[in-house]
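Undergrad: 3D, please:
(3 chains)
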Amino acid sequence: MRMIRSLVQGLLCLVVVALAAPAAVAAPDDDGQALLEALDTRSYADKGEAIEALVASGDERTRRWLDALLDGKLQRHQDTGRFVVVLENRGRQWPVADALSGERLGEMSRRELDRIGINNALRGQLHSTLAVLDLRVDDVRARREAARELLGNVEAAMLAPLQQRVADEADGEVRRLLEQAIAIHRLGQGDAAAVEGLAGSLNPEARAALRAAARSDDVALAEAASGALAGIEQKLKLNRGVETLYFGLSLGSVLVLAAIGLAITFGVMGVINMAHGELMMLGAYTAWGMQQLLPGQPGLALILSIPAGFLVAALAGIAIERSVIQFLKGRPLETLLATFGVSLILQQLVRTLISPLNRSVVSPEWMSGSLMINEGLSLTLNRLFVLGFALLVFAGLMLVMRRTRLGLEVRAVTQSRAMARAMGIRATRVDILTFALGSGVAGLAGVALSQLTNVGPNLGQNYIIDSFMVVVFGGVGNLWGTLVAGLSLGVINQVLEPWAGAVLAKILVLVFIILFIQKRPRGLFPQKGRAAEG
Amino acid sequence: MIPIPTVHPTRWLAASLIGLGLSSPAIAQEDPIKVGILHSLSGTMAISESTLKDTLLMLIERQNAEGGLLGRQIEPVVVDPASDWPLFAEKARELLAQEEVDVIFGNWTSVSRKSVLPVVEELNGLLFYPVQYEGEESSENVFYTGAAPNQQAIPAVDYLMNEVGAERWVLAGTDYVYPRTTNKILEAYLKAHGVADEDIMVNYTPFGHSDWQNIVSDIKRFGSQGKKTAVVSTINGDANVPFYRELGNQGIDAADIPVVAFSVGEQELSGIDTAPLVGHLAAWNYFMSVDTDANYDFIDSWIEYTGDEMAVTNDPMEAHYLGFTMWKEAVRKAGTTDVDAVKDAIIGVSVPNLSGGHAAMMPNHHITKPVLIGEIQDNGQFSIVWETPSTVAGDAWSDYLPGSRDLISDWRAPLECGNYNVVEGRCGGGASEDVATAE
Amino acid sequence: MLASRSWLSRPLHERSTRLFLGALIAALAVVTLLNLALPAGHPLHVSTYTVTLLGKYLCYALLAVAVDLVWGYLGILSLGHGAFFALGGYAMGMYLMRQIGDRGVYGHPVLPDFMVFLDWQSLPWYWHGFDMAWFAFLMVLLAPGLLALVFGFLAFRSRVTGVYLSIITQALTFALMLAFFRNEMGFGGNNGLTDFKELLGVDLTTDATRLGLFLATGVALALGYVLCRAIVASKLGRVCVATRDAEARTRFLGYRVERFQLFVFVVSAMLAGVAGALYVPQVGIINPGEFSPIFSIEIVLWVALGGRGTLYGAVIGALIVNYAKTVFTGVMPDAWLFALGGLFVLVTVLLPKGIAGLLGYRRPRRPPDSSTTPREAST
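TA: Next up, the predicted model:
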């Protein structure tokens, strides 16, 4: 703790120095080398002191060094003792730059480099020191981020400068956060007055501090803290309800995405496509492939893989339709068997051609983290995007089915194949296009899933059974049914989960489906008319 | 102290002759030594197991290039048990009864080992099992080169307790025997160290669980009670990616709630975007980032063998490396591949491991290993932050479970027993009293 | 052997049944002879390994016959027959577990090993009775039978048909798989039951026991086959086929279709249970993997490959696919899924009547192309 305190003081000095003399004179390299030299020690405590010294030195390269240290990229050459910053640390040969001069040194082998390691404690310390630095920047969002970082991490030595900051700060949000950070610190010191500043706060750090205070021996403090907690709990209850609903809808949206393509091929064409999961897998691998093609631009790659994934899966679907399914007209249960064979082949194909290992698909910046609704409730962004995407895909499909020529023809063929042909509809072409559409949607689902789960050869198998359940529960041949079924199964599952545990919740949902089918043998929204008997 | 076998000069000569392609016909005509490889190449476990098959093929290729073993070439026999547990038993039988292999390297999951175990014992085979497991087993015919719970779980909890200061614990695992047993042991261990019941949260999920929203949010709530909280994860394989993604997205930082995992290694990380995971921990007996020349040589030959510049190595691969080297030395020591002779010869064999120490085969068929704690870095590697001062010997029977407290295993001559009860002084289990009287 | 008038003996007069039984008995005799009479080194010697392997195939064959009975003759595509197979297997496994007695690694007199190290204090109630062979063998029939009865009663009563029925059978086996995976259930979780020692007081690992189990499976298959044929050839069987081809019409004719369906479904489930019970001592392990929906689909594929609605086709299919699996996983481990997948595709597309169709026997009646015929669909 002492270490952190002096570190912070050092940092503040640095800030003062940096502000006072923007063009600080670059220290001679001997100094820099000596500062870094001190970091190269096995003891984490000594490293902490070395960081202090580094900060206190006011060297303008400090920020760069600390960043490199944080990423584990500050390293030392074994033989020459030269300090380098690794620019890219994958593979065996790493491009490096001199830590002191910033000059590029070409590539070095990881064999010859020794890393200046840090652990979680040092990392946390670095984070809060960098946060203090960031409180001075112009960008309001960075300041808020920095202030949030300080919640629960305030030390006594920081108090005075922080209070000064609060007074100077223009942004209300930053001010509020800093005040809370100070209040949490005060509460930790046993200051009952601080409770007031935290009452009603949904922030987990504030809650943790209040909980700790509620356990304290000081009766007055404990009572005040308990009172504040009770008020917070009330608000949290509502939060939790919203959260569970969101979890359910999010799981449901995944189910809908996985099942909606199946609803088309299965419901509309009567083809039981066991390879549906593998078509999703192809979509996910397309997302991975795109990211390989466009390194460093995960976001763009992901957006491009939406049409690409659709195309790849649709083409694969056409291949399956032409080579297998067209020969099995009117034998739905046998399409199940043949496409099961196809799914085995596709899985093994991916294993052989790409790898049996999972592939890493990166989440773009704008899909990581969460959207904060209030301080106790945030919605994870990747799932929010998937939820929106699922609804978009659904809306798109509805448009295709209701408003386009293809949709009309598909519905006609579904209702009466013979009659449709008699009216001049080329049923074979409709079959191909329908199957391509269903497969393409599976590809879209795969792209979305690449943001949530493993991209590997088994991806499809994990979803195929659930997808069939959703389609059957919703009623074969009804897209609305699939949507409602997917979302409601998702919500039921998530409502049950905290109470019954993940496994039992899933079992209960399955039993529920079995019993539901007894009650309504044709699902939630049974198909009506002639097609219903098919 | 066990002498480390050295290579005899004439053998060295023969080896280099073969290496030059000048092998004498007499050697070439002799029957090869058959090594069975029993790893799933398809199905759910192919993800983890197929690289172990390749590791062995590489080791065998290297050994053959050096002239084989006992002047004979080694022939790998690869079969695919396809992640199907009964098929493991069938394939083991095929390897031992039909192919008549001299040794089997294989298995990953506990259930596959349990399925193979009766077959290996019945047909008196040799099995080297390379994965960390729940312990509570010691077979005359099986050598456990992965970690027992005391070589992974307990040191990791020690680290969190002493170095990180954790007071509240989440034990999260996949619902199968390894997490169940490990968590039982850890619960007993934590309680013995004064952790209260309400400060331990246990959670089990099914295999391949992909929706972690509720559980992660529970963990978050559990962790916001004003005490330092740590998660001990025995979550298996595929379920980890969505778990870590959810952790990252719900903003659980390693600095707030560190997660220490026992089943996440370099290979699993290669399928994850590690940026949000930096600082979370794993406990293993080997990391690819170990800074020794032996390790760099191993990595180089692995990269060369796979032809993939980005190929990673992991703990079970090292375990197979150790197992293969130990078996090789034992065969040299015994002068034969005969199972009984090798079984006797291998106890006490000590070979250098990849982290700069030695691994010795103990009388209970477990080996000595260092325990390393690593923090995940953004390049999918671990930075080693802590290690045990010396190697730890694997304990087949945990001291923290009521049924196995009194059991020891020693396969050397006088005792020759895998489950000797020291209290009752007899071989063959004999459950301790508190359990026996339960019914 | 059987009274000549009895419905059960009627199949014995059929040419196809006689041929099948003849081939089966001859095969059993030849394997036994080659195993016992020839020395181990002889090129024609059949090793005990092979005998056990063949025993496993025969279990699968019996299971396939059970599936064919409901799919081929009743038109119900069950994607959950693995559940009945596994339940029979678990009943047998629990008996074998209790037979271990105090020879487990912990030497506990009553509790199986997995219960000891998971710290169970006493035997759960549903494990009682399984130390007695007669009770366990009864449960082999009753456990799958009761499940089929309840499930079938509900499903047939509400006239759940076609794809819906297939999918909820899949849901059934999937739910059971998840349940058995749970360690709290007391069935050993993912590890299942293993490390069996003896059956009816006989050591399981001896060659004689293995041969005996193989022969017992052969006999069970023969009896199961005759039973199924008898059902199929009886009046009841004809109603079943009528139901398969035109359910609504059969109903209109005054038959209580659901009763016939329920009876056959339960018989089929019990047969599957017997197959599971014989399977467990031969492979040495039973675990929730047998409940996996993929396995149930595989069973259906054996039947499709052999040719459904013939019974002997199911046997042929089961033998061929499983033999191919054994060979391919050994010979080309990296590529066997290509071979297996390709086989399924080719057979379904090119051989709609399966291998039995190639053999050219006339089937009892034209099999429908789907669960309901096109004509039925337009009514």
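Undergrad: Excluding chain neighbours, what is closest to the residue in the stretch 1-150 of chain B positioned nearest to chain C?
TA: In the stretch 1-150 of chain B, the residue that lies nearest chain C is B:Asp80 (3.3 Å; C-beta to the nearest C-beta). In short, each C-beta sits where N, CA and C put it, glycine included. Nearest residue to B:Asp80, sequence neighbours excluded (C-beta to C-beta, 6 or more residues apart in numbering or on different chains): C:Pro333, at 3.3 Å.
Undergrad: Is that neighbour in contact with B:Val78, as I believe?
TA: Yes - counting by C-beta atoms under 8 Å, C:Pro333 touches B:Val78, with 5.6 Å between them.
Undergrad: Overlap in contacts, the two.
TA: Shared between the contact lists of C:Pro333 and B:Val78 (criterion: C-beta atoms under 8 Å, 6 or more residues apart in numbering or on different chains) are residues B:Leu41.
Undergrad: how about whichever residue of the stretch 201-350 of chain C sits closest to chain A, what does it touch?
TA: At 3.0 Å from chain A, C:Phe344 is the closest residue in the stretch 201-350 of chain C, using C-beta to the nearest C-beta. Residues in contact with C:Phe344 (C-beta under 8 Å, 6+ apart) are A:337-338, A:340-341, A:344, C:301, C:305.
Undergrad: sorry, back to before: report the contact partners of the residue of the stretch 1-150 of chain B closest to chain C.
TA: B:40-42, B:91, C:329-330, C:333-334, C:336.
Undergrad: which of those residues tops the neighbour count?
TA: Ranked by the number of neighbours (other C-beta atoms under 10 Å in any protein chain shown), the contacts of B:Asp80 place B:Ser40 first, at 31 neighbours.
Undergrad: Tell me the pLDDT of that one.
TA: On the pLDDT scale, B:Ser40 is placed at 90.
Undergrad: element containing it?
TA: Using DSSP states H and E, B:Ser40 sits within no helix or strand.
Undergrad: Could you do B:Leu415 as well?
TA: Using DSSP H and E, no helix or strand contains B:Leu415.
Undergrad: Correct me if wrong: it contacts B:Gly425.
TA: No - counting by C-beta under 8 Å, B:Leu415 does not reach B:Gly425; the two are 11.0 Å apart.
Undergrad: if you count what's nearby, which of those two comes out ahead?
TA: For the pair B:Leu415 and B:Gly425, the greater number of neighbours falls to B:Leu415 (13 against 8), based on other C-beta under 10 Å.
Undergrad: How many residues are close by C:Tyr126?
TA: 12.
Undergrad: Please name the nearest non-neighbouring residue to it.
TA: C:Gly186 (7.4 Å).
Undergrad: list the contacts for that neighbour?
TA: C:115, C:120, C:124, C:126-127.
Undergrad: in the stretch 101-250 of chain B, what spans have low per-residue confidence?
TA: When residues are selected by pLDDT under 70, none of them lie in the stretch 101-250 of chain B.
Undergrad: Show the backbone phi and psi for whichever residue of it sits closest to chain C.
TA: Ranked by C-beta to the nearest C-beta, the top residue of the stretch 101-250 of chain B for proximity to chain C is B:Tyr176, at 3.8 Å. For B:Tyr176, the backbone dihedrals (degrees, to the nearest 10) come out as phi -150, psi -170.
Undergrad: how about A:Leu371, secondary structure?
TA: Under DSSP: H, G, I helix; E, B strand; the rest coil, A:Leu371 falls in the strand class.
Undergrad: actually B:Ala82, not the one I typed
TA: coil.
Undergrad: how near is it to C:Pro109?
TA: Separation of B:Ala82 from C:Pro109 (C-beta to C-beta, to the nearest Å): 38 Å.
Undergrad: Same question for C:Gly188.
TA: If you go by C-beta to C-beta, the gap between C:Gly188 and C:Pro109 works out to 18 Å.
Undergrad: quick one: which of the two has more around it?
TA: Neighbour count, other C-beta under 10 Å: between C:Gly188 and C:Pro109, C:Gly188 has more, with 27 against 11.
Undergrad: before we move on, the earlier item: which residues touch the closest residue to the residue of the stretch 101-250 of chain B closest to chain C other than its chain neighbours?
TA: Among residues not flanking B:Tyr176 along the chain, C:Asn190 sits closest, at 3.8 Å (C-beta to C-beta, 6+ apart). By C-beta under 8 Å, 6+ apart, C:Asn190 lies in contact with B:109-111, B:175-177, B:207, C:181, C:287-288.
Undergrad: what stretches of chain C score poorly on pLDDT?
TA: Low-confidence segments of chain C (pLDDT under 70): C:1-5, C:360-379.
Undergrad: could you show me where the helices are in the stretch 401-534 of chain A, in order?
TA: Counting by DSSP state H, counting those that start in this stretch, one finds helices in the stretch 401-534 of chain A at the ranges A:405-415, A:417-422, A:427-449, A:459-474, A:479-500, A:502-519.
Undergrad: CSV please, covering those and showing distance to B:Val202, mean neighbour count and mean pLDDT.
TA: Shown next, in CSV, are the helices of the stretch 401-534 of chain A (distance: least, C-beta to C-beta, whole Å; neighbours: other C-beta atoms under 10 Å in any protein chain shown; pLDDT from 0 to 100):
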stretch, distance to B:Val202, mean neighbour count, mean pLDDT
helix A:405-415, 51, 17, 85
helix A:417-422, 56, 14, 84
helix A:427-449, 29, 25, 92
helix A:459-474, 25, 26, 88
helix A:479-500, 15, 22, 91
helix A:502-519, 13, 19, 89
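Undergrad: Please state the offset of stretch B:141-155 from the chain centre?
TA: 7 Å (C-alpha atoms, centre = their mean, to the nearest Å).
Undergrad: Quick check: buried residues in it?
TA: Buried residues in stretch B:141-155, defined by neighbour count with 16 or more other C-beta atoms under 10 Å in any protein chain shown: B:141-155.
Undergrad: Inside helices: which ones of those?
TA: Among these, the residues falling in helices (DSSP state H) are B:153-155.
Undergrad: Give the full set of residues in contact with the closest residue to A:Leu496 other than its chain neighbours.
TA: Among residues not flanking A:Leu496 along the chain, A:Ala505 sits closest, at 3.9 Å (C-beta to C-beta, 6+ apart). With contact set as C-beta under 8 Å, 6+ apart, A:Ala505 has these partners: A:493-494, A:496-497, A:499.
Undergrad: With B:Pro206 as the reference, measure out to A:Ala505.
TA: Applying C-beta to C-beta, the value for A:Ala505 to B:Pro206 is 10 Å.
Undergrad: where does the closest residue to B:Phe382 other than its chain neighbours land in three-state SS?
TA: With sequence-adjacent residues excluded and distances taken as C-beta to C-beta, 6+ apart, B:Phe382 is closest to B:Gly374, at 2.9 Å. Per three-state DSSP, the local secondary structure of B:Gly374 is strand.
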